[in-house]
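Engineer: Structure here, sequence nowhere to be found:
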């Protein structure tokens, strides 16, 4: 079972990290108060959180943000398309899980 915590923005996520050490972060680029890139920048400054894998999950397809995210330590970039398979596949890759395998595709029915 997974223990999932959601936060409305980067500021709230940084506060949540004071109490929890997650195995993985899924970070939206566009958030109020603190966007995903600023969140990653601040996150990586803290040695305690430096190596937590982060997946950027965004509707933005721009290369400059993607490159900046990589520089800040994001392990992957997944575009929001309505299809969860790419995100689940990346979670599987980072955690060694098999969530993608259990995702139901409406076309398979």
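Structural biologist: Received, thanks. Computed from a predicted model, the values in this text were never measured in an experiment.

Engineer: which residues of this structure score low on pLDDT?
Structural biologist: Residue ranges of the chain with pLDDT under 70: 1, 103-109.

Engineer: neighbouring contacts of stretch 2-9?
Structural biologist: By CB atoms under 8 Å, 6 or more residues apart in numbering, the surrounding residues in contact with stretch 2-9 are 13, 16, 20, 22, 31-34, 39. All C-beta atoms are positioned from the backbone trio N, CA, C, and that covers glycine.

Engineer: Checking the residue nearest the centre of the chain next. Helix, strand or coil?
Structural biologist: The centre of the chain sits closest to residue 26, judged by CA atoms, centre = their mean, with a distance of 1.7 Å. Residue 26 carries the three-state label strand when classified by DSSP: H, G, I helix; E, B strand; the rest coil.

Engineer: Equivalent analysis for the one 3 residues further on, please.
Structural biologist: Secondary structure, three-state DSSP: residue 29 is coil.

Engineer: between the contacts of stretch 2-9, which has the most around it?
Structural biologist: Per-residue neighbour counts (other CB atoms under 10 Å) across those peak at residue 39, which has 26 neighbours.

Engineer: For the nearest residue to that residue once chain neighbours are set aside, give me its contacts.
Structural biologist: Nearest residue to residue 39 in three dimensions, chain neighbours excluded: residue 10, at 3.1 Å (CB to CB, 6 or more residues apart in numbering). Residue 10 sits next to 27, 31, 33-36, 38-39, 42 when contact means CB under 8 Å, 6+ apart.

Engineer: do the same with residue 14
Structural biologist: 34, 39, 42-43.

Engineer: likewise residue 44?
Structural biologist: By CB under 8 Å, 6+ apart, the neighbours of residue 44 are 50, 72-73.
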